[in-house]
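Colleague: what's the 3D shape of this:
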Amino acid sequence: MIDHLGLSVADFARARAFYDAVMPTLGAACVMAVTAEETGGTYEGAGYGRGGKPSFWVGSGGRTKGSLHVAFVADSRDAVDAFYAAAMAAGATDNGAPSVREHYHPNYYAAFVLDPDGHNIEAVCHLPPAGA
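Modeller: Residues are numbered from 1 along each chain as shown. Sure thing, here's the model as predicted:
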């Protein structure tokens, strides 16, 4: 249903460094970038995704008003753990360490962090533990 989502950020370089560090833990990377020159001098952005398709963008323009919650699919519980560790090392604020959230369902394994702009960013795996 959603093709892509974009966040305007207060400090594009800081946000790009954060997501460049975090997204590989989920098997994603910056697959497209646009410069201010390419967009008429007002916007620069980085698009993250898998298989060459950007699905999540961060870009200049000032912090998005309010805070958003974005949940990324993790292919394993280990990926959730790696996401959380990378996010914390990249300057995130803890908003929920990796664990099962049974109130959603018995295999809902997730971690939550606040990114540099204060958005609630989640990595979630819906699979049972390996070997279960």
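
Colleague: Beyond the top helix by length along the chain, next helix or strand please.
Modeller: For the chain, the helix with the greatest residue count under DSSP state H is helix 77-89. Going down the chain from helix 77-89, the next helix or strand is strand 93-94, by DSSP states H and E.

Colleague: Contacts made by that next one with the rest, please.
Modeller: With contact meaning C-beta atoms under 8 Å, 6 or more residues apart in numbering, strand 93-94 is reached by 88, 112, 113, 114, 118. C-betas here are computed from N, CA, C, even on glycine.

Colleague: I'd like to know which of those residues are buried.
Modeller: 112, 113, 114 (16 or more other C-beta atoms under 10 Å).

Colleague: The second one: what secondary structure?
Modeller: In three-state terms, and counting by DSSP: H, G, I helix; E, B strand; the rest coil, residue 113 is strand.

Colleague: Just list whatever residues bridge to it.
Modeller: Applying DSSP bridges to residue 113 gives these bridge partners: residue 94, residue 121.

Colleague: all helices of the chain, in order?
Modeller: Ranges of helices within the chain are 12-22, 77-89, based on DSSP H.

Colleague: of all the contacts of strand 93-94, which comes closest to residue 13?
Modeller: When these are compared for distance to residue 13 (C-beta to C-beta), residue 118 wins out at 17.2 Å.

Colleague: Which one, of the helices of the chain, ends up nearest to residue 61?
Modeller: Short answer: helix 12-22, nearest of the helices of the chain by C-beta to C-beta, at 8.5 Å.
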